[in-house]
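Colleague: Got a sequence here, can you model it:
(2 chains)
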Number of protein chains: 2
Amino acid sequence: MTAPKPSELAYVPFVSVENMMKLVHHIGIEPMLCDLSRYIEDDFRRWELFDKTPRVASHSKEGVIELMPTSDGEVYGFKYVNGHPKNTREGLQTVTAFGLLANVDTGYPVLLSEMTVLTALRTAATSAMVASHLAPQGAKTMAMIGNGAQSEFQALAMKAICGIDSLRLYDIDKAATEKAMRNLEGLGMTLTPCQTPEEAIEGAQIITTCTADKQYATILTDNMVGAGVHINAIGGDCPGKTELHKDILGRSDVFVEYPPQTRIEGEIQQMPEDFVVTEMWQVINGDVPGRVNDRQITLFDGVGFAIEDFSALRYVRDRLEDTGLYQDLDMVADPDDPRDLFGMLQRAKP
Amino acid sequence: MTAPKPSELAYVPFVSVENMMKLVHHIGIEPMLCDLSRYIEDDFRRWELFDKTPRVASHSKEGVIELMPTSDGEVYGFKYVNGHPKNTREGLQTVTAFGLLANVDTGYPVLLSEMTVLTALRTAATSAMVASHLAPQGAKTMAMIGNGAQSEFQALAMKAICGIDSLRLYDIDKAATEKAMRNLEGLGMTLTPCQTPEEAIEGAQIITTCTADKQYATILTDNMVGAGVHINAIGGDCPGKTELHKDILGRSDVFVEYPPQTRIEGEIQQMPEDFVVTEMWQVINGDVPGRVNDRQITLFDGVGFAIEDFSALRYVRDRLEDTGLYQDLDMVADPDDPRDLFGMLQRAKP
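Modeller: Next comes the predicted model:
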C-alpha cells in the first residue's frame, strides 16, 4: 500500500528565494516598494488592533536569533531572523530570515516565505513611508552612510516614495560604496561617492545611517547635524549596537515603532527610560503631529517591528494567486479523522 | 539570462509529513520512541546549559498559537504549534506543528521539519521517560483516559520504555475508544475498553490523562486515586485547561519540566504560586530523589517544553543522512558577496 497523498489542507504555499526574486521583477522593485509601504502604512493605521510583543531574542557571542510574532486577530504572523555581523567575513549573510502567516481561527499555516530579500524590501519601505511623514518638504538629497546589503533598497525606496533624486554615499570600506554605486547606476539618481561622513551629509535633507557593527559606534556626532534634517537611523537595532552620539538624540524629536522594543534595541537605549518619544502610528493616524517646523530635527529610530513583517507577508500572500510564484509544501499532517493521527501513520506503512 | 541557482548554503533540508512517516516506519515506531526518549533524557541531563523561556503564546477565542524557542549554545531550535480544541468539529487537527534548527554561530537554519507527527512521538517519549523514573517498580497496567490523537503514542511509548503490557481505555466518546482499540490491536498489549474513568483506573499503576477540552475539567477526583500510583497528566497544557481535582495535587509529589511555564499552563495553575514541585531534570541528574516509597503518589504535570522539541529535531537531523528522507528548500538567500543582496536580485532579472 502506498502512502496516501496529503489532503489540500496539509499543503502550505512556500515562496522560495528564487520565487521571491521573480515576484520582485514581475512587479518591479520600485512599484513593489510603493506597494509595501502602503501595506505597512495601513497596518500602522490599525496598530491598536495588533497583539504586540518585543521580539524574542536568543543572544550568543557571535550574534542573535530572533522570533518576531504578531497578530491582528484574524491572521497571525511571525518572522525568524538572525543578526550575525561577523558572518560577512565567512562569505555569509549578516541577516537571513523567513516568515509565516497562519489562520488565527484554526492555527493552520497559510504561507511560508523566504524573508531575507523581503526584509530588505520592507525595511526600506518602512523607512521611506516614515520619511514621507517626517522629512522636510521637497527633500531631494539623501546621505547614505553605510553602503552594505540594505543601502540600495533604502535609496530606491526613498526615490520611489519620497522623491529623492540625489544620493551621497559613504562607507568606511570603499569597496562597499563602489558596489552600491555599480548597483544603482542607471536607476535614475545622481550618485556622489564621499570620502567622509561629513562630506556625505553636505546638503542632504535626509540622513540615513545603516551600518552593521555590533558595538556602540558614533557614525554621526552632534556638530555634524544641522537644523531641519530628517535622520533615518536604522543600523542600531540590538542591545549594545548604536550609531548616533547621544547629544543628537537630545536635540531631535525622536519617532519610534514600538517603544518597549526600541528602548532595548534602538538609539534611545543610550537615553534614560523616560526619554520622550513619539509612536509613529499616532503620527500616521493624525493623533499627534509629525514635523512641525523646518528647523526641527526629526529622527526615526527604526529597529524593525513584527507588524512590518506581517504587512510584507500579507502583501506576498495577496500576490500569490495571480503570479503562481510558490510551491506547495506538505508541512501539516491532516488525517481524515483528526483524532486518528496514529491511524494515518499506520496506513502510511510501506 | 536565467536566474542563478542558489548555492549549497541557501538550501535547508525539509522533512515533510510524508517523509516523517517514512522515517518512523524505516526506524519502527517503538524503536523510534525509545531513541527519542534517550535524546530527551540526554538533554534533560544537560538542562542547565539551555537558554530557557516560557513559550510565547498568542491567544484567541478559538485557541492558541505558540512559539517555543530554546538553544544549547551551539544549536538553536524552535517549534511553531497551535492548539485549537474546536478544530476537530471542522475535520481539522487540534494540534499542528513544525520546527526548525539553526546554527547558533551563523544563524543559518539547518533543518525545517513537520512536527505534528513528531510532537505526538516526543510527547509520548517524554511521558514514558519520566514514568521510567517515577512509576512503581514492575508497573504493567496503564489507564488511558482520553483516547484522542495522542493516546496510541502514549500506549506504545509506555510499552516500549516502561514495560506496560495492559491498557485500560476510557473516553467520554466511545468512538474514540473504539478507534484507539482498532489502532492498537495486534501491537502486543492487552486492551480493555472501560465504561467509566473509575473502571479504567482499576488495578492501574500508571494513570495517563490526556483530554483536549479547553476548560477547567475534573477527569480525576480525589477519591479515585489510590496510594502508590504514577499519574501522567498531559492534557492540561494551557491557561484555563486542567484535568485533575486540586486535592489530588495536594496529596501527590508533583514533578514538572520547567516551573515558570508549568505554573501558567499545567495542573498546578490551580495551586498557590509557592506550591512545591520538583524539576524533572534534577531527578534524572540524581540531584533529588524521584519515587521514594511504594505508597507515594507521583504526578508528572507535563505541559511539553521546548527542550523536548529540540531533542526530537536533533534526532531527526541525525537520521537525515543515512535515510535521505528530506528535500532541499531554497529558503535562505545566499549572494556570492554577502553585502550584495541587491546585486543578486538584479542578476536574477529575467
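
Colleague: residues in contact with A:Ala160?
Modeller: Residues near A:Ala160 by CB atoms under 8 Å, 6 or more residues apart in numbering or on different chains: A:Glu30, A:Pro31, A:Leu33, A:Cys34, A:Ala128. (Glycine included, C-beta is placed from N, CA and C.)

Colleague: what packs against the helix or strand harbouring A:Ile307?
Modeller: Using DSSP states H and E, A:Ile307 sits within helix A:306-323. On a contact count with 3 or more CB pairs under 8 Å, 6 or more residues apart in numbering or on different chains; DSSP states H and E, helix A:306-323 meets strand A:11-15, helix A:17-27, helix A:29-45, strand A:64-71, strand A:75-83, strand A:97-103, strand A:109-114, helix A:116-134.

Colleague: hmm, the first one touching chain B?
Modeller: Yes - using CB under 8 Å from any CB of the partner chain, strand A:11-15 reaches chain B at A:Phe14.

Colleague: Return the list of helices and strands in contact with that strand.
Modeller: The criterion is 3+ CB pairs under 8 Å, 6+ apart, and the helices and strands that strand A:11-15 contacts are strand A:109-114, helix A:306-323, strand A:327-330.

Colleague: Try it again at 6 Å.
Modeller: If you count contacts as 3 or more CB pairs under 6 Å, 6 or more residues apart in numbering or on different chains; DSSP states H and E, strand A:11-15 packs onto strand A:109-114, strand A:327-330.

Colleague: Where does the prediction get shaky in the stretch 1-150 of chain A?
Modeller: For the stretch 1-150 of chain A, the stretches flagged by pLDDT under 70 are A:1-9.

Colleague: Would you mind listing what in it touches chain B?
Modeller: Within the stretch 1-150 of chain A, the residues that sit near chain B (CB under 6 Å from any CB of the partner chain) are A:3, A:16-18, A:21, A:25, A:51, A:56, A:58, A:60, A:62-63, A:65, A:67, A:69, A:71, A:76, A:82, A:84, A:87-88, A:92-93, A:96, A:98, A:104-107, A:114, A:116-117, A:120, A:148-149.

Colleague: Report the separation between A:Val225 and A:Ile206.
Modeller: 12 Å (CB to CB, to the nearest Å).

Colleague: quick one, which of these two is more surrounded?
Modeller: When A:Val225 and A:Ile206 are compared for neighbours, A:Ile206 comes out ahead with 28 against 20, by other CB atoms under 10 Å in any protein chain shown.

Colleague: Not counting its neighbours along the chain, what's nearest A:Ala160?
Modeller: Counting by CB to CB, 6 or more residues apart in numbering or on different chains, A:Ala160 lies nearest to A:Glu30, which is 4.0 Å off, once chain neighbours are set aside.

Colleague: burial count for A:Glu198?
Modeller: For A:Glu198, the neighbour count with other CB under 10 Å is 14.

Colleague: quick one: pLDDT of the closest residue to it other than its chain neighbours?
Modeller: For A:Glu198, ignoring the flanking residues on the chain, the nearest one in space by CB to CB, 6+ apart is A:Met224 at 6.0 Å. The score at A:Met224 is 85. That number is its pLDDT.

Colleague: For the nearest residue to A:Pro136 once chain neighbours are set aside, give its distance to chain B.
Modeller: Leaving aside its chain neighbours, A:Pro136 sits nearest to A:Gln205 (5.1 Å; criterion: CB to CB, 6+ apart). Per CB to the nearest CB, to the nearest Å, A:Gln205 is found 23 Å from chain B.

Colleague: repeat for A:Pro193
Modeller: Taking CB to the nearest CB as the measure, A:Pro193 falls 16 Å from chain B.

Colleague: Tell me who's in contact with that residue.
Modeller: A:Leu169, A:Thr177 (CB atoms under 6 Å, 6 or more residues apart in numbering or on different chains).

Colleague: Hmm, A:Ser166 is touching A:Ala143, no?
Modeller: No - under the criterion of CB atoms under 6 Å, A:Ser166 makes no contact with A:Ala143, lying 9.9 Å away.

Colleague: Tell me which of these two has more neighbours.
Modeller: Comparing A:Ser166 with A:Ala143 by other CB under 10 Å, the one with more neighbours is A:Ala143, at 29 against 17.

Colleague: how distant is the host helix or strand of that one from the center of its chain?
Modeller: With secondary structure defined by DSSP H and E, A:Ala143 is part of strand A:141-145. Its chain's average C-alpha position is 18 Å from that of strand A:141-145, according to CA atoms, centre = their mean, to the nearest Å.

Colleague: what's the angle from the helix or strand following it to strand A:141-145?
Modeller: Next along the chain after strand A:141-145, taking DSSP H and E as the criterion, comes helix A:151-162. Put simply, helix A:151-162 runs at 160 degrees to strand A:141-145, going by axes from the mean of the first three to the mean of the last three CA atoms, to 10 degrees.

Colleague: Which residue ranges of the stretch 251-350 of chain A form strands?
Modeller: A:253-256, A:278-279, A:298-301, A:327-330 (DSSP state E, counting those that start in this stretch).

Colleague: neighbouring contacts of the second one?
Modeller: Put plainly, it is strand A:278-279. So strand A:278-279 is in contact with A:Phe255, A:Val288, going by CB under 6 Å, 6+ apart.

Colleague: tell me the average confidence for that strand?
Modeller: So the average pLDDT for strand A:278-279 ends up being 98.

Colleague: strand partners of it, parallel vs antiparallel please.
Modeller: strand A:253-256 (parallel) (DSSP bridges).

Colleague: Average pLDDT for the partner strand, rounded please.
Modeller: Rounded mean pLDDT across strand A:253-256 is 97.

Colleague: just the helices and strands packed on strand A:11-15: most buried one?
Modeller: Highest mean neighbour count among the helices and strands packed on strand A:11-15 (mean count of other CB atoms under 10 Å in any protein chain shown): strand A:109-114, with a mean of 24.
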